[in-house]
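**Student:** with the sequence up front, the predicted model follows.
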Amino acid sequence: MQIKIPFKKQQFDAREEAIIDAVNRLLSEKGYDLMTMDDVADAVGIAKGSLYKHFSSKERLAAAALTRLLKATVEELDSLSEDRPAIEKIKHILAWSLRLRLQGGVPHLPSTSLTLQRSLMLNLDYVMVALKVHKRFHAMVAAAREQGALTPLVPDDVLVYTLYSRACDPTMEFLLRDKKLSHEQIVDAMVHATIGGFLSEKARVVG
């Protein structure tokens, strides 16, 4: 039996997605501290009163945007074949996050705002999914290390946090501004620089 979702509920949900999309863009462009509820309402094209029917505060807006991103990350990880080498999974999720960034789907990291960090730690939905992603990333890195794909010179935590930060690396803004590389060339180069490093094979042997 198919459950039919009421039209008003569909409208409400669609508007909520549009609001979160706008929050993603604003967080990326202005950062959490400078973003206001007025900014969000204007970006969506709704009255601020309508915005408050969906989200009661800026803190809840940011948490919703970041929680949706983390849930999408889990879904992408779930889509990967169990037989795929761990290092290939790491490369895939990094490339996926960079492509999402190019589409405006990745805001700045919470570490850019102490106020945002504090509010997120009080949001149970965010904390639960953030812990899940963190465990999945650590599991991938541990598996890649067991498979001999990672250097012992770099600790697991460094690799995991690099995956988080690279998706928000300002390098992308400079590359987009220069307009010398296509989006896919930017993604490929940044994945290689992150996972493969900057050294040539000759330099690796000499080192």
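**Tutor:** Great, that's in hand. Residues are numbered from 1 along each chain as shown.
**Student:** which helix or strand in the protein has the lowest average pLDDT?
**Tutor:** helix 201-206 (a mean of 64; mean pLDDT, DSSP states H and E).
**Student:** which residue ranges of the chain form helices?
**Tutor:** Taking DSSP state H as the test, the helices found in the chain are 7-30, 37-44, 48-54, 58-78, 86-102, 114-120, 124-146, 156-166, 171-178, 183-191, 201-206.
**Student:** could you check the fifth one and say which residues are buried?
**Tutor:** In terms of neighbour count (16 or more other C-beta atoms under 10 Å), helix 86-102 has its buried residues at 86-87, 89-101. C-betas here are computed from N, CA, C, even on glycine.
**Student:** wait, which of the residues you listed is closest to Tyr32?
**Tutor:** Nearest to Tyr32 among these is Arg101, at 16.9 Å by C-beta to C-beta.
**Student:** so what's that closest one closest to, chain neighbours aside?
**Tutor:** Ala167 (5.6 Å; C-beta to C-beta, 6 or more residues apart in numbering).
**Student:** tell me how far that neighbour lies from Val187.
**Tutor:** Distance, Ala167 to Val187, using C-beta to C-beta, to the nearest Å: 11 Å.
**Student:** and for these two, which residues touch both?
**Tutor:** Overlap of the contact sets of Ala167 and Val187 (by C-beta atoms under 8 Å, 6 or more residues apart in numbering) consists of Leu98.
**Student:** and these two? Which one has more around it.
**Tutor:** Each of Ala167 and Val187 had its neighbours counted (other C-beta atoms under 10 Å), and the higher figure belongs to Ala167 (24 against 20).
**Student:** pretty sure the more buried one contacts Leu98?
**Tutor:** Yes. Using C-beta atoms under 8 Å, Ala167 is in contact with Leu98, at 6.3 Å.
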